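Novice: output the structure for:
(chains A and B)
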2 protein chains.
Amino acid sequence: MALVVQKYGGSSVADAESIKRVAERIVSTRRAGDDVVVVVSAMGDSTDELRDLAQQVTPLPPPRELDMLLTAGERISMALLAMAIAALGLEARSFTGSQAGVITDSAHGNARIIDVTPGRIRQALDAGAIAIVAGFQGVSQDTKDITTLGRGASDTTAVALAAALGADRCEIYTDVDGIFTADPRLVPSASQISRISYEEMLEMAACGAKVLHLRCVEYARRENVRVHVRSSFTDREGTWVHELEKGTPMEQAIISGVAHDRSEAKITIVGVPDKVGEAARIFEAVATTEINIDMIVQNVSAVQTGRTDISFTLPKTDGTTAMATLAALKESVGFEDVLYDDQIGKGAVVGVGMRSHPGVTAKFFSSLADAQVNIEMISTSEIRISVVVDQHDVDRAVVAAHTAFGLDATEQAVVYAGTGR
Amino acid sequence: MALVVQKYGGSSVADAESIKRVAERIVSTRRAGDDVVVVVSAMGDSTDELRDLAQQVTPLPPPRELDMLLTAGERISMALLAMAIAALGLEARSFTGSQAGVITDSAHGNARIIDVTPGRIRQALDAGAIAIVAGFQGVSQDTKDITTLGRGASDTTAVALAAALGADRCEIYTDVDGIFTADPRLVPSASQISRISYEEMLEMAACGAKVLHLRCVEYARRENVRVHVRSSFTDREGTWVHELEKGTPMEQAIISGVAHDRSEAKITIVGVPDKVGEAARIFEAVATTEINIDMIVQNVSAVQTGRTDISFTLPKTDGTTAMATLAALKESVGFEDVLYDDQIGKGAVVGVGMRSHPGVTAKFFSSLADAQVNIEMISTSEIRISVVVDQHDVDRAVVAAHTAFGLDATEQAVVYAGTGR
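Specialist: Numbers count the residues shown, from 1 in each chain, chains lettered A, B, ... in the order given. The predicted model follows:
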C-alpha cells in the first residue's frame, strides 16, 4: 500500500460539479488501495475575490490580516471536497495548514516553510480516512499567526507534506498534460516530456515554464520527492520529475526543452566607475528592496574612460521600485545614467545532455542567427543557456531552437487543455 | 480605563461600507480610553450562502466539515474589520474562536462553551491593540476540531469572552434600539426598557423576544456580565441587562414586558392511561430526539374513563420528528390518538413585580377575555404567565395585555430600525 499526495489547483475545484469530479478521482485512488493525502487550492478565482474585498476596505491591508482573510479560500474548498468524498462513502477530514503542521517563518504573504509536523494527518490516515489539507497556508513558528506562502504555493505545500510523510509520490494535477519541450501555443510540434530531472525542471521553471513553481521544484529536489505532473481531466501519464538516475544511458536528447519568459524587463546602468566594490554597492541597494534579479551582464570596461555598463533583468512588476532605488544612488556611485527596457523577452535551452556535448552554444546561437534574432544578453549555467532578445523575436527564437535541437514531434499529437496560462 | 466587549451582528458588517462604519465606532471607543475586544459575525447572508454551497455538494454534509466550512464566514469579516481599523490608524488583530481560546464540547453545529482561555486576547490588549474575535465558533476540547455554537451564538461568544476577561460591560450591537415592552410592530405604543433583570430577560427570550438569545442571557446571568443591548446605527443608550439590585424601590411597573412567539406548535396526546409513569415514558421518548419541549399541560383525568389528555408545545420545525416518535409509542403506552396543531401562538407577561403583587393573573386573563381571546393552555413561573391562543388572536392578546398593565407610552416615540426580524 503506497502513500500518495495529490494536489488539485483552483481550476480543478472551481465549482460544486468540479469538486465532485475531483472527489471521484480521489476515491478511486483510495479504493485502489493507496493512502491518500490531498492538498487543495481555493476555488477558482476566490482568492482574487477576497483580495478585491480587502481593497474595498483599504488600499494597504496589514499583511497579517490579509493572510487571515485569504486563508478562508482553501478552508471553503477543502471542507466542500471532504463533504463530496463523504457523499461517495469514504471518510475524509479536512485540515488547515496550521492543523496539518505546516510551520513557517513570519513573512506574511510570502512565508517559507520551516518545518512540517503532520501528526494529525498521520492520525487521520491511521484511522483509514483521506486527509484533505489546505494548500498555500501555514502558521508562523514565532507568533502562531496564520501565514500564506505566496501565489501558487499549494504545489510547495504538497511536496513538503509528501516529504514529511515519506510519500511514495506527489501528484500535481493541473489543466495541462504535463511538462512540454516548449509552450505548445508557440511551438505546435512540441511534445510532452515523460521524465525530467530536478535540475532541468528548476532551470525550465526559472526560465518561464510555469506548470510547476520554482520553490516547489527546489523543495522536491532537496527532499528527493518524486513528482508526477498530470492533467486532472484525463487518466494519461503526465511528466515525472525526479532524480537523474546515475548510469542511465544518455539516450535522451541533448536538450530537454526550450523555455521562454516575457515577464521581465532589463535595466542598464551606464558609465559605472570601474572600481572595486561599485557593482556590489549597486546590487546591495537593489537587494534591500527584495527584488529578484535574474541575469546580470557587465561589459568589459572601456580603456579610455575607465567606466563600464552593467545590465540586469528583473520582473517587470518590480521595475518602478528598482528604478527609484537606483536613481537615489546616482550621485554617490557616480554612474552616468539608468535605462529601462521592458520590450524584451527571454529564451533558454535546458538539458543535462549539454554537460557531455560540446557545441550546444554554437548550435543555439546559429539557429537564432538563421532566424534573424539579435541577442541582447547571454547567461549560462551548467545545463542551461539563456538569451535576452527583443520581445517580438521570442516566438521565432523558441521555434528555431526547438527545431535545431531535434525536439519537433513527427506528428502534432500534443493535447493541450490549458488556455489561460 | 475600562475593558469593553462589543459584538456586531452580520447586518452591521454586511459590506465594505458597513465594516468601515463599525470600525469608526470601535476606534472612537478605543480613543475614549477603553480597551476593546470585538466579537463579529459573518457578513450579511454569507453563512447561508456557504450552507447553500454545501447543499450543492451533498444533501447531508458531515457536521465536522460543515463547521469547517461555515467558520470561513467570520474569518472573512473579522480580517476585513481589522483592516478597516488599521486604515483608521489603530492596530487590530483578528483571532479565530480557536485562537481566542473558546473551548467547546464536540457537538458540531451546536457546541457548548466549556471554557474560555483568552491568553492571546490578553496579549493583544496588553500590546495596545484592539482584539477582533470570530463569533459563533470554537474548538473542541477532545478532538481539537473546529466547532460552531449554533445560529445566533455570536452573542454568547461575546458574553463568554466578557466573563473570561472580567470586562466591565458587554455591548451587543443590533439593528433595534434595545429591548421593548412588546414588539413595536404589534404594539406601536411599546416603549424601550432601560433596565431589565437577567431573570426577566430570560423569560422574555424564552417567550419569543428575539433580540438576545436564551443561551447568551443564561451565560450572562451565571457569570454576572452586564450586557448593554443597543443599536449600531445610533449613539442612544439601549437596554441594560443586569442583576436586580437588592433593595431597589419597586418603582418599576409590575410587568416589564409582553412577549409573544409564533414559532411553536401544539401536540395533544389523547386518552393516556392515568397510571404512574405513563407521562414519563412519553417524554423520555421525545427527549431522545433532542426536541425542546416548552409548555406541558395535563388535564385532570376523567373519572369514568381513567384516562387523561397531555398537551405540550414545541418548535414547529420539530413537529414531524415528534409526531413520528409518538406514533411509534401508541401501542405500548396505549393512548388513543395524537393531534398536531400548528395554528397556535404564545403570549406572555413577564415581570419580577408580580412576585409582590397579587392579582396579576386575574388582570391578564380578564384583559384577554375583554379582547375576545380564548385561552388554550396556561403555564406560569414565578415571574411569568404564558398562554397559548389561536394564532390569529396573538396580536390582540399582546395589545390588550400591554394596555392592561399600563405599559403604553404616552406618545409613540419608538424608533425601530429593524425590518427582517
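
Novice: who does the helix or strand where A:Val36 lies touch, helix- and strand-wise?
Specialist: A:Val36 is part of strand A:35-40 when elements are defined by DSSP states H and E. Judged by 3 or more CB pairs under 8 Å, 6 or more residues apart in numbering or on different chains; DSSP states H and E, the packing partners of strand A:35-40 are strand A:3-8, helix A:16-31, helix A:72-87, helix A:119-126, strand A:130-134, helix A:154-165. Where you see a C-beta, it was placed from the backbone N, CA and C, and this is true even at glycine.

Novice: relative to B:Ser367, which of the ones you listed is closest?
Specialist: helix A:72-87 (52.2 Å; CB to CB).

Novice: what pLDDT, on average, does the closest one get?
Specialist: Averaging pLDDT along helix A:72-87 gives 98.

Novice: put the alpha carbons of it into PDB.
Specialist: What follows is helix A:72-87, C-alpha atoms only, in PDB (Å, rounded to 0.1, in the frame of the first residue of the first chain):
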ATOM      1  CA  ALA A  72     -10.600  31.500   4.200                       C
ATOM      2  CA  GLY A  73     -10.400  30.400   0.500                       C
ATOM      3  CA  GLU A  74      -8.900  27.000   1.000                       C
ATOM      4  CA  ARG A  75     -11.000  26.500   4.100                       C
ATOM      5  CA  ILE A  76     -14.100  26.600   1.900                       C
ATOM      6  CA  SER A  77     -12.700  24.300  -0.800                       C
ATOM      7  CA  MET A  78     -11.200  21.700   1.500                       C
ATOM      8  CA  ALA A  79     -14.400  21.400   3.600                       C
ATOM      9  CA  LEU A  80     -16.500  21.000   0.400                       C
ATOM     10  CA  LEU A  81     -14.100  18.500  -1.000                       C
ATOM     11  CA  ALA A  82     -14.300  16.500   2.200                       C
ATOM     12  CA  MET A  83     -18.100  16.600   2.000                       C
ATOM     13  CA  ALA A  84     -18.000  15.400  -1.600                       C
ATOM     14  CA  ILE A  85     -15.800  12.400  -0.600                       C
ATOM     15  CA  ALA A  86     -18.100  11.600   2.300                       C
ATOM     16  CA  ALA A  87     -21.100  11.600  -0.100                       C
END
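
Novice: pull out the buried residues from it.
Specialist: Judged by neighbour count using 16 or more other CB atoms under 10 Å in any protein chain shown, the buried positions of helix A:72-87 are A:72-87.

Novice: okay, which residue is most central for chain A?
Specialist: Taking CA atoms, centre = their mean as the criterion, A:His213 is the residue nearest the geometric centre of chain A, at 1.7 Å.

Novice: quick check: that residue vs chain B, distance?
Specialist: Using CB to the nearest CB, to the nearest Å, A:His213 is found at 25 Å from chain B.

Novice: tell me the contacts of that residue?
Specialist: A:Gly152, A:Ala153, A:Asp155, A:Thr156, A:Ala205 (CB atoms under 8 Å, 6 or more residues apart in numbering or on different chains).

Novice: and those residues, which is closest to A:Arg222?
Specialist: A:Thr156 (11.4 Å).

Novice: which residue is the nearest non-sequential neighbour of the closest one?
Specialist: Spatially, and ignoring its direct neighbours in sequence, A:Thr156 is nearest to A:Cys216 (4.5 Å; CB to CB, 6 or more residues apart in numbering or on different chains).

Novice: report the angle between the axes of the host helix or strand of the one you found and strand A:3-8?
Specialist: Here A:Cys216 sits within helix A:214-223, counting by DSSP H and E. Orientation of helix A:214-223 against strand A:3-8 (axes from the mean of the first three to the mean of the last three CA atoms, to 10 degrees) gives an angle of 170 degrees.

Novice: which strands or helices does whichever helix or strand comes after helix A:214-223 pack on?
Specialist: Per DSSP H and E, the first helix or strand lying C-terminal to helix A:214-223 is strand A:227-231. Counting contacts by 3+ CB pairs under 8 Å, 6+ apart, strand A:227-231 packs against strand A:169-174, helix A:214-223, strand A:239-242.

Novice: and the contacts of strand A:227-231?
Specialist: Counting by CB under 8 Å, 6+ apart, A:159, A:169-179, A:211-212, A:216-217, A:220, A:236-242, A:417 sit against strand A:227-231.

Novice: wait, which of the helices and strands packed on strand A:35-40 is closest to B:Pro315?
Specialist: helix A:72-87 (26.5 Å).

Novice: for chain B, what are the nearby residues on chain A?
Specialist: A:16, A:19-20, A:50, A:53-54, A:56-58, A:60-62, A:64-66, A:68-69, A:71-72, A:75-76, A:78-80, A:82-84, A:86-87, A:92-94, A:99, A:120, A:144 (CB under 8 Å from any CB of the partner chain).
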